[in-house]
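S.K.: Okay, structure incoming, though there's no sequence with it:
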């Protein structure tokens, strides 16, 4: 399919964030249009607005930045391609659980989460939930109290952040989640973006490398629109008795580490 771009249009397209650029060589038929129409549009656009406008599906996709001059954007392929990893080979999550505290310790479970963006996020959420272990406090009060080693909301927020803010351009590296007996490490390809500094990152400051991905995740119910992921995670970790998040920032990646909650008088 020829886009018919002029040189000036190509220059303007290259100035846009990666997820808003047209994916050269892709076509409308590469997208799951039925899924977009039946699943995504009702969540992204109010029903009365859609009914009033009476626009075609293609027109609505242009307004939602899923298409640019008739060509799917990279963000649209990530979320709605029939085979997203054909276009973005690194757009998956590698989950490894180790039986110990070292990367060389035996692997208890290993999962490669791929597919459309919503599939990855849903599968990751379920995987996090089934790996959380609950402790029972039998001495702190007249009734036993149950505590998770990690609050599920904190791990979800940090994992979703890694997927939202990672670099999808020029790398085939996945997001990685390593679960050890004493901590969870979440790694996102790509360093800091825009105005974010190591210190402001810890405070929850946000600058969007992937504007469309953030919008897609918000519309699908996996993220807030206000950059609250890290502050919400910090709060739930403190309330659960976990240590504060540890950040490691490098030019090519960001890693956050969450330590397990430690309590006396508690049995698993």
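M.R.: Here it is on my side, so go on. All of these numbers come straight from a predicted model, not from anything done at the bench.
S.K.: excluding its backbone neighbours, what's nearest residue 133?
M.R.: Distance criterion C-beta to C-beta, 6 or more residues apart in numbering; nearest residue to residue 133, sequence neighbours excluded, is residue 149 at 5.0 Å. Where you see a C-beta, it was placed from the backbone N, CA and C, and this is true even at glycine.
S.K.: mind checking the end-to-end distance for stretch 81-93?
M.R.: This stretch, stretch 81-93, spans 17 Å end to end (C-alpha to C-alpha, to the nearest Å).
S.K.: Give me the residues contacting that stretch.
M.R.: Stretch 81-93 has contacts (C-beta atoms under 8 Å, 6 or more residues apart in numbering) with 23, 26, 30-32, 72, 74, 77-78, 112-117, 120, 124, 159, 163, 168, 171-177, 189.
S.K.: The stretch 51-200 of the chain: strands as residue ranges?
M.R.: In the stretch 51-200 of the chain, the strands defined using DSSP state E, counting those that start in this stretch lie at 67-68, 71-72, 93-98, 107-113, 134-137, 145-148, 175-179, 183-189.
S.K.: could you give me the average pLDDT of the fifth one?
M.R.: Strand 134-137 shows a mean pLDDT of 74.
S.K.: Stretch 101-115: which residues count as buried?
M.R.: For stretch 101-115, the neighbour count (16 or more other C-beta atoms under 10 Å) marks 113, 114, 115 as buried.
S.K.: tell me the contacts of the second one?
M.R.: Which is residue 114. Residues near residue 114 by C-beta under 8 Å, 6+ apart: 84, 85, 91, 92, 93, 120.
S.K.: Quick one: these as JSON lines, columns for neighbour count too.
M.R.: Shown next, in JSON lines, are the contacts of residue 114 (neighbours: other C-beta atoms under 10 Å):
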{"residue": "84", "neighbour count": "24"}
{"residue": "85", "neighbour count": "18"}
{"residue": "91", "neighbour count": "25"}
{"residue": "92", "neighbour count": "19"}
{"residue": "93", "neighbour count": "21"}
{"residue": "120", "neighbour count": "22"}
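S.K.: Would you list the phi and psi of the residue nearest to residue 219 when sequence neighbours are not counted?
M.R.: Spatial nearest neighbour of residue 219, excluding adjacent residues (C-beta to C-beta, 6+ apart): residue 44 at 4.4 Å. Dihedral pair for residue 44: phi -90, psi -30, per degrees, to the nearest 10.
S.K.: Now do residue 44 against residue 218, distance only.
M.R.: As judged by C-beta to C-beta, to the nearest Å, residue 44 and residue 218 stand 9 Å apart.
S.K.: same deal with residue 40?
M.R.: For residue 40, the distance to residue 218 (C-beta to C-beta) stands at 12 Å.
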